[in-house]
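Undergrad: next one to model:
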Amino acid sequence: MIVSVTAPPFWHQAPFTRLLFPLVLGIVICYYVLHGIITNVHIHAAMYIAVGISIAGLLGYTQLSSFKKYHYRFIQGIFLQIIFTCLGIAIMQNTLEARITETTLLAARKNGTVYIMRITEPLQRKNKTYKTAAIIESIGTVKHEIKTNIKIIVHLALDSSNTKIPALTAGCYIATTIRPSVVPDTHNPGGFHYKEWLFRNEITHQLYLAKGSWTLLPSKKRKQYLQVLQQKISYQLQQNITGKQEKAVAAALLIGYKQDIDSDLMKAYSNTGVIHVIAISGLHLGLIYGLLVGAFGWMPNSTIKKWAAPPIMLLVLWVFALLTGAGPSIVRAAVMFSFIIIASVVKQNSSIVNALAASAFFLLLLHPFYLWDIGFQLSYAAVLSIVLYQKNIFDRLYFKYKWMQACWQLNAVTLSAQILTLPLVVYHFHQFPNYFLLSNFIVVPLSSIILYGCLLILPFGSLAYIGKFLSVCTSWLIASMNWIIQKMNALPYATTSNLHINTAQVILFFIIIASTTLLIQTQKNKWCFIGLTALLFGCSIQSYTYTRAAGQTTLTVWFVPKTTNITIRYGLQKETILPLNMRAFTIGHTRFIRVDQMMQLKPSLQRFSNVDILLVSNLPKSPIPLLAKHFKGALYVFDSSIPLWKMEAWKKEAEDLHLRHHFVSQQGAFVHQSSNGKEN
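TA: From the prediction side, this is the model:
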C-alpha cells in the first residue's frame, strides 16, 4: 500500500514569510491610508487596543485543550498577523513623525539662528554649484542650543576664488545662518520624483550657500576613516588603471563612485540590462560570497572549518561593504548574505527563502522606506527568483561537455533572475533590454574577473612586475567590456521602450507568474484559472487606460529651469509645443489665456472674460495686481521661466490677494486633462 505524503506549505519551511507579510501590510496601510487622514493620537489608541485584544486572545488560546488548540489553530495566526501589522504601522508612523518634527523645528527658527553641520559625502561638481550631503548637528544661538540629527542637501556656490571649498571633505564642519528650505516638488509627469526619493531617504530640506555665507570650522573636524580608506583605494586605482573611463568604471566597481562615468556609457549599460555591474549591489557581494564558498569548499570537512568559515565569511563581506562606502544597497546585500550564512550555521538544511524573509524583516524594522527603494525590490526579487527557478531551468538541458554546462548554468542564472524582476523593471524604467541574456552572459563573468583584478591591485599594484601585469590586464579588460556594451547598445532593437504599467498591473503580473509556476508544479487546473483571470484583469486595465487616453486632450506646463515649456497632446498623438501665437483657447469647457513677454497686457485683457486658467510666464514686473482685477476666480499657473527670487515675491502677492495659484518651480509640472476634444 502506497501512502502519499502531502508536502507542507512553503511558509512552514520559511516561517519568517508569515511575519514579513503583515509587517509590509502595516507599513503600506500607514503610509497610504492612515497618514494625513487620522491623527497620531487616534492611530496609537487604535494600535494599543488591537494589540491588547490580540495578546489577550493569545493568552486565552494557551489555556485551551490540545484538541481545541489544533481545531482553532488559525486563531493564533490571526492574532499574530494583527500584532505584526500594528508593528508595521507603528514603525512607519514613527518615521513619518520624525520628518514632520524636523520640518516644524526648522520652520520655527528665526533669522540669526546658527546651523552647525557636518559634511558626510565628497563634493560633487555641478554646473554652478558643488553638491554634497550634510547632517545638522546643532541649531541655536549663544543662549540656547538644540542638538539635532537632520540630514540635508547642501549646494555651495561655484567660485574659484573661494579657497575654503577645496578644503571641504567628508567629516568637515561648517556653520551658517542661512535657514534650510523645504525641497521643492519639481517632478514632471513620468519623470523621477526627486523630492519623494529624498523624503524616503530621510531628507526633507536643502540649503544653498553663496560665497561668504558660511564658515569652515577647522577645530571641529571629525575623522572619517572610511572616506580616508576610500580615497586611498581610489588613488591606487588612479595610479594603476589607464584610460579616463576605465578608471571611472574601476572606481564604480570597487568603491561605488560613479560620478566620473560618461553619461552615454552609463546609458549604454542601462539599455543593455547590465547596469547592476557598475552599481555596487548584491552582485558584487555575491561574487565575494561565491569566492569564499569556493575557497572553503576545497578545505576538508572538520570542526575547525565548520566554526571558522562563517565568522571569516561575515568579516570579509562586511569589510568589503565598508570599503565600498557602506551605501544602502551594499549594506542591504551584506545583511541578506549574513542571514544566509547564520541560517546555515544554525540549521544545516536551512531555507534560503526564510533567511531572505528574515533579512528583509530586519531591514524594514530599521528603515521602513526601504520598501519603496528600487534597489531593495530588485535585489530581493532577483535572489528569490534565482533560488526558486534557477535549478529547474538548468535541469531542462544537459550538455556533454563541462564548459557548455558552465555556460548554460550562467544563462540559467540570468534567465531565472529575470522572472521576478521583469514586472519591477517595466514598472520603474518603462523599458526592457532585449539583449539582456547575451549582455549578461558576456559581461557578468568579465566583470567578475575585473573585480578580482581590482582587488589584487590594492595590495600588489605598487610591485614592479606583478603590479604592471595586473594594471595592463585589468585596464584592457575594462576597455573591452565598455566597447562590448557600446556596440551592443548600438544594435537595432536593443531596448523595448514606452512600456507603462501601474501598481495593480504589477500585482497581477506577479499573480500570473505564481499561478504559472504552481500550474507547472502541481498540474492543477485551478492555477490555470487564476492565472487567466489575472491576465484578463490586466488586459482590461490596459484597454481602459488606452481608451481613456485616446479620448483626452492633455495640456502640460513642464518644469524646465528658466524656460517656458508648454505642450499639448491630442489623444494618443505625440506631444507638440503650444504655438506662441495661441493667446486664448479652450480645451473642452476650460478656457485658457496665456500671459507672456509677447502679450500686450492691458489691451488684451479687455477682449477676454470668464477665463478659468491663466498661464503666466516671466515678465519684467508682476502682472498679478492687474490680472486679479479681471480674473479673481481663475487658477494662476506660473511656469518655470520665472526666477526663484521673483517667484517668492509673486507668490506672496497671490496669497495676499487670495488667488488660486500653482508655481511649477515649487509644485512640479501642471497637467490639465479634458475628455472633450481639441481646443477652439
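Undergrad: got a pLDDT number for Ile541?
TA: At Ile541, the pLDDT value in this model is 92.
Undergrad: in contact with Arg99, which residues?
TA: For Arg99, the residues meeting the contact criterion (CB atoms under 8 Å, 6 or more residues apart in numbering) are Phe199, Glu202, Thr204. Just so you know, the C-beta spots here come from the backbone N, C-alpha and C atoms, and that holds for glycine as well.
Undergrad: scratch that, Lys244
TA: Under the criterion of CB under 8 Å, 6+ apart, the neighbours of Lys244 are Asp260.
Undergrad: which residues of the stretch 1-150 of the chain fall in helices?
TA: Using DSSP state H, counting those that start in this stretch, the helices assigned to the stretch 1-150 of the chain run over residues 10-13, 16-29, 40-62, 66-71, 73-107.
Undergrad: these two touch, right, Leu420 and Ser385?
TA: Yes. Under the contact definition of CB atoms under 8 Å, Leu420 touches Ser385, with a separation of 3.7 Å.
Undergrad: who's more crowded, the two?
TA: Counted by other CB atoms under 10 Å, Leu420 and Ser385 do not tie: Leu420 has more neighbours, with 23 against 20.
Undergrad: chain center to the helix or strand where the more buried one lies: distance?
TA: Here Leu420 sits within helix 402-429, counting by DSSP states H and E. Chain-centre distance of helix 402-429: 22 Å, with CA atoms, centre = their mean, to the nearest Å.
Undergrad: list the buried residues in it.
TA: By 16 or more other CB atoms under 10 Å, the buried positions in helix 402-429 come out as 408, 410-427, 429.
Undergrad: and whichever helix or strand comes after that helix, what does it pack against?
TA: Using DSSP H and E, the helix or strand that follows helix 402-429 towards the C-terminus is strand 432-433. Contacts of strand 432-433 with other secondary structure elements, assessed using 3 or more CB pairs under 8 Å, 6 or more residues apart in numbering; DSSP states H and E, are made with helix 402-429, strand 495-496.
Undergrad: export the ones you listed to a markdown table and tack on mean pLDDT and distance to Trp307?
TA: Supplementary listing: the helices and strands packed on strand 432-433 in a markdown table, determined by pLDDT from 0 to 100; distance: least, CB to CB, whole Å:
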| stretch | mean pLDDT | distance to Trp307 |
| --- | --- | --- |
| helix 402-429 | 83 | 30 |
| strand 495-496 | 84 | 49 |
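Undergrad: to Gln521, which of the ones you listed lies closest?
TA: helix 402-429 (14.2 Å; CB to CB).
Undergrad: next, count neighbours for the closest residue to Thr590 other than its chain neighbours.
TA: For Thr590, the nearest residue in space outside its immediate sequence neighbours is Asp612; the separation is 4.9 Å by CB to CB, 6 or more residues apart in numbering. Using other CB under 10 Å, Asp612 is surrounded by 16 other residues.
Undergrad: now Asp612: how far from Val228?
TA: If you measure Asp612 against Val228 using CB to CB, to the nearest Å, the figure is 60 Å.
Undergrad: for stretch 289-308, which positions count as buried?
TA: Of the residues in stretch 289-308, those scored as buried under the neighbour-count criterion (16+ other CB under 10 Å) are Tyr289, Leu292.
Undergrad: distance between the ends of it?
TA: 15 Å (CA to CA, to the nearest Å).
Undergrad: for that stretch, the distance to its chain's centre please.
TA: Offset of stretch 289-308 from its chain centre (CA atoms, centre = their mean): 36 Å.
Undergrad: do stretch 358-373 as well
TA: With CA atoms, centre = their mean as the basis, the mean position of stretch 358-373 lies at 13 Å from the chain mean.
Undergrad: so how far does it reach from one end to the other?
TA: Where stretch 358-373 begins and where it ends lie 18 Å apart, using CA to CA.
Undergrad: next, Gln573: secondary structure please.
TA: Look at Gln573: counting by DSSP: H, G, I helix; E, B strand; the rest coil, its state is coil.
Undergrad: the stretch 201-350 of the chain: helices as residue ranges?
TA: Along the stretch 201-350 of the chain, the stretches classed as helices by DSSP H, counting those that start in this stretch are 225-240, 244-255, 263-271, 282-297, 303-323, 328-346.
Undergrad: dump the residue contacts of the nearest residue to Leu456 once chain neighbours are set aside.
TA: Among residues not flanking Leu456 along the chain, Leu470 sits closest, at 5.5 Å (CB to CB, 6+ apart). Contacts for Leu470 (CB under 8 Å, 6+ apart) come out as Asn240, Gly453, Leu456, Ile457, Phe460, Gly461.
Undergrad: give me the element Leu470 is part of.
TA: For Leu470, the enclosing helix or strand under DSSP H and E is helix 464-489.
Undergrad: next one: phi and psi at the residue nearest to Thr590?
TA: Dihedral pair for Asp612: phi -90, psi -40, per degrees, to the nearest 10.
Undergrad: is it true that it touches Ile593?
TA: No. The pair formed by Asp612 and Ile593 falls short of the contact definition of CB under 8 Å, at 9.0 Å.
Undergrad: I'd like the average pLDDT over stretch 461-477.
TA: Summarised as a single mean, pLDDT over stretch 461-477 is 87.
Undergrad: distance from the chain centre to that stretch, please.
TA: When distances are taken as CA atoms, centre = their mean, stretch 461-477 is centred 36 Å away from the chain's centroid.
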